[in-house]
Each structure stands twice: as C-alpha cells, then as structure tokens.
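Enquirer: Fold the following, please.
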Amino acid sequence: MLEFLQKGPHDPQNGDPVLVLLHGRGSDMRDLQGLAQVLSSRGTLVTPQAPHHGLPWGYGPGWAWYRYLGQDRAEIGPLLESLDALEAFLRNLPEALGFRPGPLVLGGFSQGGTTSLAYAITHPGVVDAVVVLSGFLARPDGVGGGGPDPQPEELGDTPVFWAHGTHDPAVPFELALSGRERLERAGVKLEAKDYPIGHWVSPEEMEDLKSWLNGTVDGWG
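Expert: Numbers count the residues shown, from 1 in each chain. Take a look at the predicted model:
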C-alpha cells in the first residue's frame, strides 16, 4: 500500500468527491497538499507517495513514479510497477479513507500527471476524470510493457484537464501540444489551458482547474 496524506472535511461521508493527486519526480506525498484549494466543501484531497526512490536516477532524496528517458518516453518496468501499485491503492481507497468515495478524480503534476494519464488509459472506467498538470502522454511502448499498445481511445467518455506552461524547460510545451493532439484525434473530452510560466503551477491555473471540476465532474460542485 502506498503511503499517503489526506486533507478534507472532519466528517467525510459516503459519496463525497475525492481528488487523488500524484507528485512529480524527486518529491513526496507532502508536495501537493496545498492544492486542496481546488476542492469543493465536501471534497477530500489524497496525495500518495511514489514507490521508487529517486536518488538512484539522479532525482534527489525524494520519490519517483518512473525513470524518465527523454521526450515522451518513460522506462517501462518502473512505470508498470507504479501503475500496479496505484491500482492496488485505488482499489483499497474506501478502506484507507474510512468512507466510499463518490466522484473520483486522478491527476498530478509532471511525472504525476503523466502517470495519471497512463493509468486512466490502461485502466478504463476506474476514475471519473483525469488532471494533467505539466505532464505528457507517454508513448504506447512506454506503457504497454510489450503487450497490445494502450491507446487514448480507451479513455472513452472520461474527461481530461491538461494545463501546461508555455515556457516549461522540464516537460517542453511541444509535448503538451503533441499529446493533446493524440487525445483530440481519439475523441477524448479535453480541456486544454496554457500559461506563460515554467515548470510549476500558478494561481490562475488552480482557479481554472476548480472551475473545470465544478462544471465537468458530476456531483463535484
């Protein structure tokens, strides 16, 4: 079971919305707790910690979801291990939280956004929406592990919010454009937002995300 932190109402009830956010490389489960600002009054923010130590890959003392190989490539083995760990985590979420989530949104920043998108494609129907903050759409051969390549079409009606900085030096904006194009060709319900920033999130971005959640995810607002 992945370690995690949660923030939300003191008396959560069955059916309350839950936002699971995955941190970026070299970080930990504390990093995105400040984004609870996008929640509705009954929402709970859950921030799990990635299963891989980042130090061997040069990511510092934090944690990582996969080893980044450049451009839109993630090392298959570690990514699949993270997807399996995330699957077990989400399956056991009601027991871990003490209540049964209603609308379940999965997302994250940088590696967390990439991993969330890969999870939703390879596990269709588990989450109600996906949030990608400065991430990318991994190549099929970086997700499928040698089997049939998962395609964005697997998302079906699952909506995606994808925000990115146009001056991002870590995950180039071009990767956002190419990944979004693939989603749009697949008919995915995509909300794309761009900001004149680097590899971080901005207050305007969080306001846009909150508005999108309220207007897109049933029972969120």
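Enquirer: And the pLDDT at the nearest residue to Ala129 once chain neighbours are set aside?
Expert: The shortest distance from Ala129 to any non-neighbouring residue, by Cβ to Cβ, 6 or more residues apart in numbering, is to Val105 (4.6 Å). Any C-beta I mention is one placed from the backbone N, CA and C, and that applies to glycine too. If you check Val105, the pLDDT there is 98.
Enquirer: ok, now the one 4 residues further on?
Expert: Here, the pLDDT recorded for Phe109 equals 98.
Enquirer: ok, now Gly219?
Expert: 88.
Enquirer: how much space between it and Lys7?
Expert: Per Cβ to Cβ, to the nearest Å, Gly219 is found 19 Å from Lys7.
Enquirer: can you check Gly135 too?
Expert: When Gly135 is compared with Lys7 (using Cβ to Cβ), they lie 22 Å apart.
Enquirer: so the residue most central in space within the chain is in which element?
Expert: In the chain, the residue lying closest to the centroid (Cα atoms, centre = their mean) is Gly107, at 2.2 Å. Using DSSP states H and E, Gly107 sits within strand 104-109.
Enquirer: now Asp11
Expert: With DSSP H and E as the test, Asp11 turns up in no helix or strand.
Enquirer: can you pull the pLDDT of it?
Expert: 96.
Enquirer: State the distance from it to Val105.
Expert: Applying Cβ to Cβ to Asp11 and Val105 gives a distance of 21 Å.
Enquirer: need the helices for the protein, in chain order.
Expert: 76-91, 93-97, 111-122, 173-185, 203-216 (DSSP state H).
Enquirer: Please identify which of these is closest to Gly34.
Expert: helix 203-216 (9.4 Å; Cβ to Cβ).
Enquirer: Tell me, please, where in the chain the pLDDT is lower than the cut-off.
Expert: Flagging of the chain using pLDDT under 70 yields the residue ranges 140-150.
Enquirer: circling back to that earlier point, more neighbours, Asp11 and Val105?
Expert: Neighbours per residue (other Cβ atoms under 10 Å) separate Asp11 from Val105, with Val105 holding more: 26 against 8.
Enquirer: who's that one bridged to?
Expert: Here Val105 sits in beta bridges with Leu19, Ala129, going by DSSP bridges.
Enquirer: for stretch 28-35, how far is the first residue from the last?
Expert: Across its full length, stretch 28-35 reaches 14 Å between end residues, using Cα to Cα, to the nearest Å.
Enquirer: hang on, I meant stretch 195-213
Expert: Stretch 195-213: ends 18 Å apart by Cα to Cα.
Enquirer: Run through who's touching it.
Expert: 19, 35, 37-38, 40, 105, 109-110, 129, 131, 133-134, 161, 163-171, 191, 193, 220-221 (Cβ atoms under 8 Å, 6 or more residues apart in numbering).
Enquirer: Quick check on the residues you listed: which are buried?
Expert: 19, 35, 38, 40, 105, 109-110, 129, 131, 133-134, 161, 163-165, 168, 171, 191, 220 (16 or more other Cβ atoms under 10 Å).
Enquirer: Quick check: strands, which of the residues you listed are part of them?
Expert: Leu19, Val105, Phe109, Ala129, Val131, Leu133, Phe161, Ala163, His164, Gly165, Glu191 (DSSP state E).
Enquirer: Pretty sure the second one sits against Val131.
Expert: Yes - applying Cβ atoms under 8 Å, one finds Val105 in contact with Val131, separated by 6.3 Å.
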